[in-house]
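Peer 1: 3D model of this:
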Amino acid sequence: MAGGIRAPLYVHKGEYDSADFRSALSDVRGFNVGVIPGTNNDGLKVTAVAGSSARVAVAGGRAWIPLTKAGVRDSRQAHYVDLPAPGVAFNLTTASSTADRFDLIVARVTDDNDVTPYAEVPLAGFAAGLMSAGWTLDVVKGVDGGGTPAVTFESFLVLARVKVRKGATSIQAADVEDLRFTTTGQGDPTTLAPLRTAPGQSVASVASAQARGGLIYSSDEDRLYFKGATDAKPIVNRASMMGQTGRGSSGWWGVDAPDTNMSGMVLRFDGAAAPYDRIGILNYQVRVSGPPDREGWHSIFTFSDTVFYWESLRMYERTNQGLSPHWGSAQVLIPKNRPLKVWHALYAQLGFCYFDEWQSYSQMTVLPAE
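Peer 2: Next up, the predicted model:
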């Protein structure tokens, strides 16, 4: 049909080809491509098959394979493919006797021209690379002793990378690297809708009802969490803390050996505990003074929750030559369920130097830790 306004899609007049249909679907389902996860997240999952050959299996499943023509990805179109359960198994090329290689397992679709014939292929008669159904599972064989091979097909999804070890007669589970990425909300039984805590309710209590990868909003904290493999972690939790202090009543702040009792403390950060580990990144500057005509070592120790983490640049100086500003940086762990208690302590050999009044400054950025 040449140009003009056509009938609505669902008033079918035989004027719409497969490209029109894919475009209509993309307008409804969005631009997601990838494997549809399936009940156990096993859609099109590649596994090793033990036996007397380099053999792998691909579980049944469905996927949206991105449409690519002449190397250009069409973001509005994708091919929908379906491999019935239980899937298929096939052999890889025999292993080399001299070197390992990597093979890619891919799902690919024939170049689209809207007249591609479709013929159902019985699972029992499946052979890797057979294109009679319009799509297939195929193997991109690597070079012995080389890295991951390049895929030269147009429209494809990589499902797995398989290491074929030299001399191997069977593929092991550890040799299969799962490279699938999955869609959400399309045949996915895992609900990823965000959940919200009630006032006074803990994030942990809600996280138990959320799926991995889902979001949780804390009403009390006004903070967004995501559900990880074991617990909920904040998406954004960064706080900058600044400290500044003066010298003590005696004027002498240096100690020969700073300890976990905060002896020689010149700066301190305090904060509440959190149900997850945090990292504190510190930058600080300290000026010291000292009695005339004295010399010795001095440095700054950094502690977190009574654990020593770092001694900054250690300096040996003479007071009659002038003392340099002391600066440094450190990174500390703030353990989960423990209060934030980070401090700097001045080490000054034999009381050589003391803290210069109101010349200590430090800033710490706190981030969630894995």
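Peer 1: all strands of the stretch 1-150 of the chain, in order?
Peer 2: 34-36, 46-49, 55-58, 61-69, 72-83, 88-91, 101-109, 135-140 (DSSP state E, counting those that start in this stretch).
Peer 1: how about a markdown table for these, with mean pLDDT added?
Peer 2: Output for the strands of the stretch 1-150 of the chain, formatted as a markdown table (pLDDT from 0 to 100):
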| stretch | mean pLDDT |
| --- | --- |
| strand 34-36 | 85 |
| strand 46-49 | 94 |
| strand 55-58 | 94 |
| strand 61-69 | 86 |
| strand 72-83 | 81 |
| strand 88-91 | 93 |
| strand 101-109 | 95 |
| strand 135-140 | 94 |
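Peer 1: can you list the ones you listed in a markdown table and add mean neighbour count and distance to Asp231?
Peer 2: Heads up, the C-betas are built off the backbone N, CA and C, glycines and all. Shown next, in a markdown table, are the strands of the stretch 1-150 of the chain (neighbours: other Cβ atoms under 10 Å; distance: least, Cβ to Cβ, whole Å):
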| stretch | mean neighbour count | distance to Asp231 |
| --- | --- | --- |
| strand 34-36 | 21 | 26 |
| strand 46-49 | 18 | 29 |
| strand 55-58 | 20 | 33 |
| strand 61-69 | 21 | 29 |
| strand 72-83 | 17 | 35 |
| strand 88-91 | 17 | 38 |
| strand 101-109 | 22 | 34 |
| strand 135-140 | 21 | 37 |
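Peer 1: could you report the distance from Gly214 to Val266?
Peer 2: 45 Å (Cβ to Cβ, to the nearest Å).
Peer 1: more neighbours: which of the two?
Peer 2: With neighbours defined as other Cβ atoms under 10 Å, Gly214 and Val266 compare such that Val266 has more, 28 against 20.
Peer 1: am I right that the more buried one is in a strand?
Peer 2: Yes - the assignment for Val266 is a strand, going by DSSP: H, G, I helix; E, B strand; the rest coil.
Peer 1: and the pLDDT for it?
Peer 2: pLDDT, Val266: 79.
Peer 1: okay, now Ile300: neighbour count?
Peer 2: The burial count for Ile300: 28, using other Cβ under 10 Å.
Peer 1: picking that back up, out of the strands of the stretch 1-150 of the chain, nearest to Arg196?
Peer 2: With respect to Arg196, and counting by Cβ to Cβ, the nearest of the strands of the stretch 1-150 of the chain is strand 34-36 at 27.7 Å.
Peer 1: can I get the strands of the stretch 1-150 of the chain in JSON lines with distance to Ser23?
Peer 2: What follows is these, written out as JSON lines (distance: least, Cβ to Cβ, whole Å):
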{"stretch": "strand 34-36", "distance to Ser23": "19"}
{"stretch": "strand 46-49", "distance to Ser23": "31"}
{"stretch": "strand 55-58", "distance to Ser23": "29"}
{"stretch": "strand 61-69", "distance to Ser23": "10"}
{"stretch": "strand 72-83", "distance to Ser23": "5"}
{"stretch": "strand 88-91", "distance to Ser23": "30"}
{"stretch": "strand 101-109", "distance to Ser23": "16"}
{"stretch": "strand 135-140", "distance to Ser23": "19"}
